[in-house]
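Engineer: Below are the sequence and a predicted model for it; my questions follow.
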Amino acid sequence: MPVVHSFDPPDRFVTGTVGEPGQRTFFLQAREGTRVVSVALEKQQVAVLVERLDELLDELMQVPGNETTVPAMAPFDLRDTDPLDQPLVEEFRAGTMALSWDPVAELVVLEVFPVDAGAPDDDTESMEADEVLLVRMGAGLARAFCARSTQVLEAGRPDCPFCAQPVDPEGHLCVRANGFRRRGP
């Protein structure tokens, strides 16, 4: 029987980082009362999650007859700029994530499975995981999550205007400049 870290809905659900740009570790963190669960993941996973979540919310806004209020932007009262809750204890490293909409409860549902969970079984289409992070949240909190996550993603190293690779403070070898070292801003 897997351990399910369920938040329905969370008091707080955010993306955050630990470390310096270029060496950051990304986390999803959910909190309900005093219970906090932190899951490590890759920067690219955060970017894809934000993209898909924004797409899902935008599609919901376009559904004819949809009674659910889906904000176009993050509601001001749900914006969260606080640091990650401490102590920061990694429950597991995220692998597969599943995103859906529960039309009855009118909630976004996010399931995060560990890296070692494997692929869905062809017969059951379910994951074999020891742990799962399950977050069910309203559309406003989902928009606020996307807004904060975008800020976290943009707070890293700047991209080279020529090759779009991250530029360290000491510069980088730009493939578009035939190997000449370009300096950071």
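Structural biologist: Arrived safely.

Engineer: so where's this structure shaky on pLDDT?
Structural biologist: 117-127, 178-185 (pLDDT under 70).

Engineer: what's the single longest helix in it?
Structural biologist: If you go by DSSP state H, the chain has its longest helix at helix 43-62.

Engineer: For that helix, what is the distance to the chain centroid?
Structural biologist: 9 Å (C-alpha atoms, centre = their mean, to the nearest Å).

Engineer: Would you mark the buried spots in the helix or strand containing G140?
Structural biologist: Element membership for G140, per DSSP states H and E: helix 139-154. For helix 139-154, a neighbour-count test (16 or more other C-beta atoms under 10 Å) marks 139-150, 152-153 as buried. Quick note: C-beta positions are derived from backbone N, CA and C, even for glycine.

Engineer: just stretch 99-108 next, same as before
Structural biologist: L99, W101, L107, V108.

Engineer: what residues are up against the third one?
Structural biologist: By C-beta atoms under 8 Å, 6 or more residues apart in numbering, the residues touching L107 are D8, P9, W101, R136, M137, G138.

Engineer: quick check: domain ranges of the protein?
Structural biologist: 3-154, 158-185 (automatic domain parsing).

Engineer: So which of those domains is the most surrounded?
Structural biologist: Most buried of these by mean neighbour count (mean count of other C-beta atoms under 10 Å) is domain 3-154; its value is a mean of 16.

Engineer: one step back: what helices and strands are in contact with the longest helix of the chain?
Structural biologist: Secondary-structure packing of helix 43-62 (3 or more C-beta pairs under 8 Å, 6 or more residues apart in numbering; DSSP states H and E): strand 25-32, strand 90-102, strand 107-114, helix 139-154.

Engineer: Go again with 7 Å.
Structural biologist: Here helix 43-62 touches strand 90-102, helix 139-154, going by 3 or more C-beta pairs under 7 Å, 6 or more residues apart in numbering; DSSP states H and E.

Engineer: All set now, cheers.
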